[in-house]
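1. return atomic coordinates for the entry below.
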Amino acid sequence: MKFNNKFKVAVPSLIIVSLIGMSIVYNMNNTSINKVPRILIDIDLVDQQGSILNEENTKIIAQVYAVTPLTMDQPLIEVYKGTLRTGLLELNLENKVFNDIVRAFVKKYEALAGDSPYALRAIKKFTEMINVNIWVIKDHKLVARLRDYLSYSPISLINGNIIRYRIKVPISQDSSQAPIVPSDGPICEPGYSWRLKWWVGPENMTYNSDYMKYINGKPYLKWPILIVENTYPRSNTLSGIIIISSQAASGVYYSIGVGFEIESKLQNGSFNIGSDIILYKSSSMKSYIADSGDMFTNLDHGQVFMYYIYGRPILSFWEEWIEWVDCPWRPSYPTGYQSVDAILQDFSVVNEGGFLRYDDGVEYNWPYWLDRSLLFNYTFAEKKNFIVLNNTLRDFYLNEFYSLYDACGFSFEVPLSFSPLTLGLGNKNWAIPLTLITASFGYEDAKFVFINGVISIDKYYYVNEYIYVWMSKFRWMRGTCEFHVPVLLYFESY
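-> Reported below is the predicted structural model:
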């Protein structure tokens, strides 16, 4: 796989503001039969204090991609691009491309559910994702750019519902921002778009098939949810349990990593983890209603336990472009802003006796396609002692672990590593930092703790059991709050 960096464009600096941390309100309304089912996104422009602005001479540009079903070749397809006359973005089923995507998902859900009443109720809560991008131009200056992923229920749309979001977009008050229109010739208002430059998925892996399986002709990867490794020669034996409940929707929050000229810095080895990229979590999650779980006992020295779910992780790389729609004689060009997105196209869910569960399993060895030198690299991660188990404190619960790094109330529960995909890039300068961009597996309802799990000492040999975790050095942001997350849900006992 080759990657080219053909353009290097200097542009005035403008902080990338993600929808994450903005005010986002979601609701779903029933609509009469003669209304077109649709997704509506109300866009309020606000000042830095959150007060709504009545902006004149303001132009809002919007672009929407939809995550696709497996029957389509690309993992994301553009379904909308244009200028909004008002602060309302509408995506409806009269859009043929989007309609085809929605109906393909519904067909898949119905085949999964069969005639089971329980499964038919469960699939109503399955959601898919759209990638929403917004640019705000005022007085020929770009004053806001936003990028996020929002969820929707295909079945709700097919049943005639309206899904509505309201977002508040803070406008930059930086008066020093230079106009973006050319100084020569007539004034041309630019258009903006994100273009998908490349993506990697399970198709790009070159490992043996025992860590993948094909479902309807598409490869699914054994995606680790939890790994426990007992490394101390005189260690106690350990046991543990992991439970995923169908009492609430569970699924994956996507990650968005934005920065300036990320690609060239990765290629030449000058990438700085502290300043060249900021990571955000999507405002919505791709969700399922499914049960799962497993357990291990007597995990002795030198043994590993891995619990996994078959999934299709996708790592995608995007470039922002300026497009002179009003002046087509001017060439389009990339602005230099880029985004690395970690998404889930699909988890495998199976129907067993009318009940839905994640297609999961366990392994008792280290997965050879998870490169330790990438995951546990001291340049981009650090090893921390989490807790000490002994005869007094013999077990710990994983909900206690989440509070260790969830400093912003982010519900960022189980990190999902994209390490297997980064090896397909063929360049270690790329692979090491991109390995630590993770998605997040959790519950939609904040009242639920993702894993009702515990790791305990089975047999106590009167030695302390030190439990270590590896924390990423990447900066994650929620509004103005900065925090760090583990490279994956991996516990090392020593």
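
2. which other helices and strands contact the biggest strand by length in the chain?
-> Secondary structure assigned by DSSP state E gives strand 304-323 as the longest strand of the chain. Applying 3 or more CB pairs under 8 Å, 6 or more residues apart in numbering; DSSP states H and E, one finds that strand 304-323 contacts strand 191-200, strand 218-230, strand 292-299, strand 333-347, strand 360-363, helix 419-422. All C-beta atoms are positioned from the backbone trio N, CA, C, and that covers glycine.

3. could you dump the ones you listed into JSON lines with mean neighbour count added?
-> Below are these laid out as JSON lines (neighbours: other CB atoms under 10 Å):
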{"stretch": "strand 191-200", "mean neighbour count": "19"}
{"stretch": "strand 218-230", "mean neighbour count": "22"}
{"stretch": "strand 292-299", "mean neighbour count": "17"}
{"stretch": "strand 333-347", "mean neighbour count": "22"}
{"stretch": "strand 360-363", "mean neighbour count": "16"}
{"stretch": "helix 419-422", "mean neighbour count": "25"}
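
4. so where does the residue positioned nearest the centre of the chain fall, helix or strand?
-> Computing the C-alpha centroid of the chain and ranking residues by CA atoms, centre = their mean puts residue 254 first, at 1.1 Å. Assigned by DSSP states H and E, residue 254 belongs to strand 250-260.

5. pairing partners for that strand, with directions?
-> strand 278-288 (antiparallel), strand 333-347 (antiparallel), strand 439-443 (antiparallel) (DSSP bridges).

6. Throw the ones you listed into CSV and include mean pLDDT and distance to residue 228, thanks.
-> Shown next, in CSV, are the strands paired with strand 250-260 (pLDDT from 0 to 100; distance: least, CB to CB, whole Å):
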stretch, mean pLDDT, distance to residue 228
strand 278-288, 86, 24
strand 333-347, 93, 22
strand 439-443, 72, 17
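
7. out of those, which comes closest to residue 241?
-> strand 439-443 (16.8 Å; CB to CB).

8. circling back: any chance of CSV for the helices and strands packed on strand 304-323, columns distance to residue 57?
-> What follows is the helices and strands packed on strand 304-323, written out as CSV (distance: least, CB to CB, whole Å):
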stretch, distance to residue 57
strand 191-200, 17
strand 218-230, 48
strand 292-299, 53
strand 333-347, 22
strand 360-363, 55
helix 419-422, 44
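
9. for residue 465, find the nearest of those.
-> Of all the helices and strands packed on strand 304-323, strand 218-230 comes closest under CB to CB, at 8.7 Å.

10. just checking, what packs against that closest one?
-> strand 212-215, strand 237-244, strand 292-299, strand 304-323, strand 360-363, strand 414-416, strand 490-493.

11. distance check, residue 144 against residue 137.
-> 9 Å (CB to CB, to the nearest Å).

12. sorry, wrong one. I was asking about residue 366.
-> Counting by CB to CB, the gap from residue 366 to residue 137 is 51 Å.

13. more crowded one of the two?
-> residue 137 (23 against 13; other CB atoms under 10 Å).

14. what is the neighbour count of residue 112?
-> Neighbour tally, residue 112, other CB under 10 Å: 17.

15. what strand or helix carries the residue nearest to it when sequence neighbours are not counted?
-> Among residues not flanking residue 112 along the chain, residue 351 sits closest, at 5.7 Å (CB to CB, 6 or more residues apart in numbering). Element membership of residue 351 [criterion: DSSP H and E] is strand 349-352.

16. how about residues contacting the next helix or strand after that strand?
-> Per DSSP H and E, the first helix or strand lying C-terminal to strand 349-352 is strand 355-358. Strand 355-358 is contacted from outside by 112-113, 116, 118-119, 122-123, 244, 246, 288-292, 309, 347-350, using CB atoms under 8 Å, 6 or more residues apart in numbering.

17. go again with 7 Å.
-> By CB atoms under 7 Å, 6 or more residues apart in numbering, the surrounding residues in contact with strand 355-358 are 118, 119, 122, 244, 289, 290, 291, 292, 309, 347, 349, 350.

18. now it: average pLDDT?
-> Taken as a whole, strand 355-358 carries a mean pLDDT of 94.

19. quick one, what contacts residue 257?
-> Contacts of residue 257 (CB under 7 Å, 6+ apart): 277, 279, 339, 340, 437.

20. and it, how close does it get to residue 150?
-> Residue 257 is 18 Å from residue 150, by CB to CB.

21. could you list the low-pLDDT ranges of the stretch 101-250 of the chain?
-> 173-187, 206-209 (pLDDT under 70).

22. show me what counts as buried in stretch 156-166.
-> 156, 157, 158, 161, 162, 163, 164, 165, 166 (16 or more other CB atoms under 10 Å).

23. dump those into TSV; add distance to residue 210 and secondary structure as well.
-> Formatted as TSV, those follow (distance: CB to CB, whole Å; DSSP: H, G, I helix; E, B strand; the rest coil):
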residue	distance to residue 210	secondary structure
156	39	helix
157	39	helix
158	38	helix
161	43	strand
162	46	strand
163	41	strand
164	46	strand
165	42	strand
166	47	strand
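
24. what's the strand holding residue 351 packed up against?
-> Judged by 3 or more CB pairs under 7 Å, 6 or more residues apart in numbering; DSSP states H and E, strand 349-352 is in contact with helix 96-113, strand 355-358.

25. quick one: which of those is nearest residue 192?
-> helix 96-113 (20.4 Å).

26. what is the next helix or strand after the closest one packed up against?
-> Moving toward the C-terminus from helix 96-113, the next helix or strand (DSSP H and E) is helix 117-122. Applying 3+ CB pairs under 7 Å, 6+ apart, we find helix 117-122 packed against helix 96-113, strand 355-358.

27. among these, which is nearest residue 226?
-> strand 355-358 (12.9 Å).

28. next, the buried residues of that closest one.
-> 356, 357, 358.
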